[in-house]
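Peer 1: below is the sequence, then the predicted model.
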Amino acid sequence: MMCAPGIPSVFYGDEKGIAGETESDYRKPMGWNNVGALEEYCRRWIHIRRNSKALSRGSYRTEYVDDNEKVYVFSRTFDDEKKTVIINADSREHTLHLEEPVVCAPQMVIVL
C-alpha cells in the first residue's frame with residue numbers, strides 16, 4: 001500500500017482482533033498511539049514512502065507479472081529516482097532476472 005499510487009489509508013479489523021456487525025464496527029482507523037508489531041511495521045513503511053519522491057509521487061509501471069508463481073514487480077519513477085517493488089505472494093522462493101538477478105523469499109516484499 002505504501003508503494004502504490006494515491007493516498008494510503010490504514011485501517012485494521014481482523015488483524016487486531018476487532019469484531020463487529022458492520023464494517024464501521026470492525027474497520028476502525030488505526031490508533032497511532034498504540035505500540036505493537038503492526039503499528040511499527042506500518043511506521044517503517046510510512047517512513048520509506050515519505051523519504052522517496054518516487055514512491056510518493058512517481059509514475060507507475062508494471063515490470064513483470066507471473067500469475068502462476070504469484071510474483072508481481074512494478075516500478076515508481078520520479079525525476080532520476082527509481083524504486084522497483086517486488087512482491088512474492090507465493091509460498092516458494094523465486095529468482096527473478098531483472099536488471100540483475102534477485103532472490104525473493106516466500107511471502108516477501110522487496111523495494112530496490
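Peer 2: Thanks, I have the structure now.
Peer 1: tell me what the longest helix along the chain is packed against?
Peer 2: Across the chain, the longest stretch assigned as helix under DSSP state H is helix 37-50. Where contact means 3 or more Cβ pairs under 8 Å, 6 or more residues apart in numbering; DSSP states H and E, helix 37-50 is packed against helix 53-57. Quick note: C-beta positions are derived from backbone N, CA and C, even for glycine.
Peer 1: so where do the strands sit in the chain?
Peer 2: For the chain, strands defined by DSSP state E occupy the ranges 11-12, 28-29, 59-66, 71-78, 81-88, 94-97, 101-104, 108-111.
Peer 1: circling back to that earlier point, okay, buried residues for the longest helix of the chain please.
Peer 2: Going by neighbour count (16 or more other Cβ atoms under 10 Å), the buried part of helix 37-50 is 39, 42, 45, 49.
Peer 1: including pLDDT, could these go into JSON lines?
Peer 2: As requested, the buried residues of helix 37-50 are exported to JSON lines (pLDDT from 0 to 100):
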{"residue": "Glu39", "pLDDT": "79"}
{"residue": "Cys42", "pLDDT": "81"}
{"residue": "Trp45", "pLDDT": "86"}
{"residue": "Arg49", "pLDDT": "90"}
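Peer 1: quick check, nearest of those residues to Ile87?
Peer 2: Among these, Trp45 lies closest to Ile87 (Cβ to Cβ), at 13.2 Å.
Peer 1: show me the contacts for the closest residue to that closest one other than its chain neighbours.
Peer 2: In this structure, Trp45 finds its nearest non-sequential neighbour in Met2, 4.0 Å apart by Cβ to Cβ, 6 or more residues apart in numbering. By Cβ atoms under 8 Å, 6 or more residues apart in numbering, Met2 lies in contact with 8, 45-46, 48-49, 55.
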